[in-house]
Each structure stands twice: as C-alpha cells, then as structure tokens.
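>>> predicted model and sequence below, questions to follow.
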Amino acid sequence: MSRYELLNNVAHKDLRVITRFGPEFGDASGTVPAYATEYAELQREYPIFLHRDRDSGEYRSVALLGFEPEENLFLRGSRWSAAYLPGHIAKGPFLIGFQEQQVDGELRREPVVHVDLDHPRVSFDEGEAVFLPGGGQSPYLERVATVLRGIHDGVEGGKAMYAAFDAAGLIQPLRLDVKFDDSTGANLTGFFGIDRDRLASLDAETLHALHRSGFLEGAYLLLASLHNMRHLMAEKQRRLRGRDGAQVP
C-alpha cells in the first residue's frame, strides 16, 4: 500500500530517508524502470530493454538487474555496486504529482513533489534529512528534485521516442537464452530491442527525422547497453560459484 502526501516543510519537517540498500527496501528486483533522459549513464553499466505494457500496449524501457524476478546482481549487502544509480531507485519515496495552480493569471496543472509515507525508506529516526532546521530544502532533497525532473522529462520524451522507433520498424522482440554453466541458465522473454540491421538500412529521410528529434542517439544507446550483458552474466557466474562453495575472488 502507498500513502501519498504533498510534501511540505511543516508536516514533514522531521522526515528522513534511509539511503542504504537491501531487499527490505524493495531493491530485490530483476528489472527497474529506465528513463530516456538517463540512457547515457545507464548504458555504461546496465543492459536496457524495451517492454510492452500489457494493458496500454505502450512501450517502456527497463534496465536489467538480474536473471530472475527478484534477483538484483548489483546488490552487495547494503551497497549498490555501480557508479550510476538508476533514477527510479535514487528518487526514494518521492514522486512527481500535479496540482492546479494560478500561473500568470491562468489555471495550470503544475508538477509538485509528493512523498509516500508508507515507503520502507521513510523514517523519522535515521537517514538523510529532507528539510533543513530552518525549513529549507536539504541537499538531499535538491538532488531528489533533480532526479524527479529527469524522470518526468524522460517519461514524456520516451513516449514520443518509442512511437518513432515503432513507426520506423526498429523494434523487434527478443528471446534471450543464456547459459551460466553446464547445468544453469535462464530464459528471458517479453523484452524488445532495436533491430540493428533495420537501423542500418533506414532511408535518409527517416534517419534524418530521428536525428533531428534526438531519438537516433537513444537507439544507439540502447544497442550499446547490450554489451553489459557480459558483465551481468559474469557476476551471476561468480555468485553461482560462491553458492557451490568454490573460492570466489
């Protein structure tokens, strides 16, 4: 369950957020939402795939963290072993909501920050302070606000980008059969990716349109991210060796 409230420095003046990691905070997941605005950072460490929403039929993107639904190979105890933390994790218990406000005499829906008070990271005893003693935003909250803006822009920009990819025939279903050793493997279904051959054969007009809109870079970043599958498989193999009692470096 979630209990969202509009964040303010009176009702939530003592609010803190636990920033360590672990299954108890919901971090044990095989995928995490990925936003177009963070592709450049994500593709350095995570494989990124597209996923089609069963209800809406819209494409979204996810970063692969493990080969099982509740396996996060980037979790090592209470640490996250990557230089870049996906925005969906970095935002903690916060999200962007909308509120009608008067702006220049006109009623508009403006983005505002909400907090889920039932989120496992929420605390009043430990963690990063959300507000300063005088009521101002803490450095932590300022970082979160930046992350939330990136997520908001990434969601909106991503919709247009995936629609452009689909219209250009660039999206293809993927079936990933991976082997970790002679007896262990995984089969990943329901993912989509960019058709490299189709991208290479696009006509000049379509290619230029994708470049002009800024979407062409996104296609290449998605393709580049797939090289991270090797690192993810290596970490899975390392943990399997450890489970079997072998010496693990």
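Looks like it arrived, so ask away.

>>> name the element Arg198 belongs to?
helix 196-200 (DSSP states H and E).

>>> quick check: buried residues in that helix?
By neighbour count with 16 or more other CB atoms under 10 Å, helix 196-200 contains the buried residues Leu199. Every C-beta, even on glycine, is put in place using the N, C-alpha and C of the backbone.

>>> and the next helix or strand after it, what does it pack against?
Once helix 196-200 ends, the next helix or strand along the chain (criterion: DSSP H and E) is helix 204-213. Identification of packing neighbours for helix 204-213 by 3 or more CB pairs under 8 Å, 6 or more residues apart in numbering; DSSP states H and E yields helix 139-167, helix 215-225.

>>> Ala204 is nearest to which of those?
helix 215-225 (12.4 Å; CB to CB).

>>> may I see the buried residues of that closest one?
Neighbour counts over helix 215-225 (16+ other CB under 10 Å) mark 215-216, 218-219, 221-223, 225 as buried.

>>> and which of the residues you listed is nearest to Glu70?
Closest approach between these and Glu70, by CB to CB: Ser225, at 22.1 Å.

>>> and the lowest-mean-pLDDT helix or strand in the chain, which strands flank it?
Every helix and strand in the chain was compared by mean pLDDT, DSSP states H and E; the lowest is strand 94-103, with a mean of 81. Take DSSP bridges as the rule and strand 94-103 pairs in its sheet with strand 106-116 (antiparallel).

>>> tell me the buried residues in the strand it pairs with?
113-116.

>>> for stretch 84-98, same thing?
Buried residues in stretch 84-98 (16+ other CB under 10 Å): 84-95, 97.

>>> and for Glu38, the neighbour number?
24 (other CB atoms under 10 Å).

>>> Arg20 too?
When counting by other CB under 10 Å, one arrives at 14 neighbours for Arg20.

>>> then Lys13?
15.

>>> offset the numbering so it begins at 6, please.
Noted, 6 is the first residue going forward, which turns the last one into Lys18.

>>> which residues sit in contact with it?
Counting by CB atoms under 8 Å, 6 or more residues apart in numbering, Lys18 touches 136, 140.

>>> so where's the chain shaky on pLDDT?
In the predicted model, the chain carries pLDDT under 70 at residues 107, 249-254.

>>> 80 instead?
6, 104-115, 248-254 (pLDDT under 80).

>>> how about the buried residues of stretch 89-103 in TSV, adding distance to Asp202?
Compiled in TSV, the buried residues of stretch 89-103 are given as follows (distance: CB to CB, whole Å):
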residue	distance to Asp202
Tyr89	30
Leu90	34
Pro91	29
Gly92	31
His93	31
Ile94	34
Ala95	35
Lys96	37
Gly97	41
Pro98	43
Phe99	41
Leu100	39
Gly102	42
